[in-house]
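In: coords below, sequence missing:
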């Protein structure tokens, strides 16, 4: 019976010379039986007194080819992943780009507002005919902020310390087609000017509060008349007065109207002359720019 026997080949074994001249690398074992060619350890056909050795051909050309293929596949996949994963420099550049875009969006949500009054305006009080008022030259600046909670309206707040509204004088105002007497003057001192502007629809609602100072030269100066109204691009209507404005156009022009109630003051002459309390009406042509 042929069998495997675990041991190292010794020089005195005659079969060693045969094994050494084989063109492959061989291993010898007794543990497993393999389908291989049996090599008789003798030069004749007669049984050899030495054990029969089974030579196992163990060169791994197929294994090497598979290993090389796997290595190539691994290298290719590694290069693909390296292209997918951004480098530290790319990550830094992307982060900087996102930060810049965020800052640009934040800057776009804030606006600088410029307000200018134009000519062909009107002011009316009580049952008197309207005053023809040329308000050209009035101006003011403010800050607007975009507000998502108010359906995208821009909340506007003007600096009343820098808000200028031209006074009613003989140079700016006419009554019944005639200029006001030179000694008559009404100064307008704003206390509040703020509200909302809908940039998409052009609708404007601005709350306006101001003191109107009536004077006749140095002879007479009445206590201020407090006027509080909502200047709007829509319709404003009271019991005696009403008016309709115009929404903000692409060129920045608009018409703002407001009806307010004027309460009596501590002055008998003014209360009697103006029939206070009563209503007043303001119609202002203006331009509003957002930048």
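Out: Everything's here; your move. Note that the coordinates shown come from a computational prediction; the quantities given were computed from them, not determined experimentally.

In: Could you report the separation of the nearest residue in space to residue 265 that is not next to it in sequence from residue 270?
Out: Closest residue to residue 265 apart from its sequence neighbours, by CB to CB, 6 or more residues apart in numbering: residue 223 at 4.7 Å. (C-beta placed from N, C-alpha, C; glycine too.) Computed as CB to CB, to the nearest Å, the residue 223 to residue 270 distance reads 8 Å.

In: Residue 209 contacts residue 189, correct?
Out: No: applying CB atoms under 8 Å as the test, residue 209 and residue 189 come out as separate, 10.0 Å apart.

In: pLDDT below threshold where in the stretch 101-250 of the chain?
Out: By pLDDT under 70, the low-scoring segments of the stretch 101-250 of the chain are 101-108, 149-150.

In: what about 50?
Out: In the predicted model, the stretch 101-250 of the chain carries pLDDT under 50 at residues 102, 105-107.

In: What segments of it are strands?
Out: Ranges of strands within the stretch 101-250 of the chain are 110-117, 121-125, 131-133, 139-147, 153-158, 173-175, 178-179, 184-197, 204-216, 220-221, 225-232, 235-237, 242-244, based on DSSP state E, counting those that start in this stretch.

In: Select, out of these, the one closest to residue 291.
Out: Among the strands of the stretch 101-250 of the chain, strand 110-117 comes nearest to residue 291, with 5.1 Å by CB to CB.

In: Partner strands of the closest one, with direction?
Out: Its sheet considered, strand 110-117 pairs with strand 139-147 (antiparallel), strand 278-290 (antiparallel) by DSSP bridges.

In: Give me the contacts around that strand.
Out: 135-146, 154, 156, 158, 163, 165-166, 193, 197, 284-291 (CB atoms under 8 Å, 6 or more residues apart in numbering).

In: got the angle between that strand and strand 184-197?
Out: With axes from the mean of the first three to the mean of the last three CA atoms, to 10 degrees applied, the angle from strand 110-117 to strand 184-197 works out at 150 degrees.

In: Now do strand 110-117 against strand 153-158, angle only.
Out: On the basis of the same axes, to 10 degrees, strand 110-117 is oriented at 60 degrees to strand 153-158.
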